[in-house]
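>>> How does the following fold in three dimensions:
(2 chains)
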Amino acid sequence: EAGVVQSPRYKIIEKKQPVAFWCNPISGHNTLYWYLQNLGQGPELLIRYENEEAVDDSQLPKDRFSAERLKGVDSTLKIQPAELGDSAVYLCASSSVGGRNGELFFGEGSRLTVL
Amino acid sequence: GENVEQHPSTLSVQEGDSAVIKCTYSDSASNYFPWYKQELGKRPQLIIDIRSNVGEKKDQRIAVTLNKTAKHFSLHITETQPEDSAVYFCAASINPGKLIFGQGTTLQVKP
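Numbers count the residues shown, from 1 in each chain, chains lettered A, B, ... in the order given. As a prediction, this is how the structure comes out:
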């Protein structure tokens, strides 16, 4: 079974440029998450989707970050414009437990460097 | 909101020794406590979890204990092996799917 797939794995951009990350969750997983992981820190939730609905986006900086999950499968996270402090790893995760707590399956992450 | 503190930030043990990582949480309503292992450059992976109606759970060399009164939980790894070397994250959850992670513990197992 394929795991959570993210792309690109690495991205280097200059500040003020836009960037987008793509995530394909495990087949059949209705819940999708985007997490931000700064160097040496634990992941921090940005947004959670149940199917195509964003049920928790309270931690998403909406002035520059946006996300979508069309058709309730793949998801895209966008940053526009990027700032130096956005350099981090962006992790996508999915789960099959819906409204219950359970295992999150993470992707390998997209490492962003903003120069 | 919920806050999770994790200690120590780094831990070095000899192969075969035990390792213990501790976490405290702030919100007594938290009811789910997973532990994730992240090897260098890899994705975090769940190694064990515990729910608030259980005080202890064991899976081979790994065990987790939960003290709801003190609001802390711990990961215990016995007979450590070099392949146990990684960063370990604890997490707590009040609402389903909203995990609050600790800062991580880098475990080094020396052969």
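>>> contacting residues for B:Gly102?
Shown in contact with B:Gly102 (C-beta atoms under 8 Å, 6 or more residues apart in numbering or on different chains): A:Gly42, B:Val4, B:Glu5, B:Gln6, B:Cys23, B:Phe89, B:Cys90, B:Ala91. C-beta here means a position set from N, CA and C on the backbone, and glycine is covered the same way.
>>> Which positions in chain A make contact with chain B?
Chain A has residues A:3-4, A:31, A:33, A:40-45, A:48, A:56, A:91, A:95, A:97-101, A:103-104, A:106-109 near chain B, with proximity defined as C-beta under 8 Å from any C-beta of the partner chain.
>>> Kindly recompute the last result at 7 Å.
Proximity of chain A to chain B (C-beta under 7 Å from any C-beta of the partner chain) is limited to residues A:31, A:40-43, A:45, A:48, A:56, A:95, A:99-101, A:103-104, A:106-109.
>>> So which of the residues you listed are in helices?
Nothing among the residues of chain A next to chain B maps onto helices, per DSSP state H.
>>> Backbone dihedrals for the nearest residue to B:Asn31 once chain neighbours are set aside, both of them.
Nearest residue to B:Asn31, sequence neighbours excluded (C-beta to C-beta, 6 or more residues apart in numbering or on different chains): B:Ser52, at 4.1 Å. Main-chain torsions, B:Ser52, degrees, to the nearest 10: phi -70, psi -10.
>>> thinking again about what came up before, filter the residues of chain A next to chain B to the buried ones?
A:31, A:42-43, A:45, A:48, A:56, A:95, A:101, A:104, A:106-109 (16 or more other C-beta atoms under 10 Å in any protein chain shown).
>>> What is the nearest of the residues you listed to B:His72?
For those, the minimum distance to B:His72 (C-beta to C-beta) is 16.5 Å, reached by A:Gly42.
>>> Might one say that the closest one is in contact with B:Ile100?
No. Look at A:Gly42 against B:Ile100 with C-beta atoms under 7 Å: they stay out of range, at 8.3 Å.
>>> Now for the two: what residues contact both?
Here A:Gly42 and B:Ile100 have no joint contacts, going by C-beta atoms under 7 Å, 6 or more residues apart in numbering or on different chains.
>>> Tell me how far the closest residue to chain A within chain B lies from B:Asn53.
Residue of chain B nearest chain A, by C-beta to the nearest C-beta: B:Phe101 (3.0 Å). Counting by C-beta to C-beta, to the nearest Å, the gap from B:Phe101 to B:Asn53 is 22 Å.
>>> Settle it for me: which of those two has more neighbours?
In this view B:Phe101 and B:Asn53 are compared by other C-beta atoms under 10 Å in any protein chain shown, and B:Phe101 has more residues nearby, 22 against 8.
>>> what are the bridge partners for the more buried one, then?
Applying DSSP bridges to B:Phe101 gives these bridge partners: B:Ala91.
>>> and if you look at A:Phe65?
Counting by DSSP bridges, A:Phe65 is bridged to A:Ile79.
>>> Hmm, it is touching A:Pro81, no?
No. In this structure A:Phe65 lies outside contact range of A:Pro81 using C-beta under 7 Å: 10.8 Å.
>>> Chain A: strands as residue ranges?
A:5-7, A:10-13, A:19-24, A:31-37, A:44-50, A:53-56, A:65-68, A:75-79, A:88-95, A:105-106, A:110-114 (DSSP state E).
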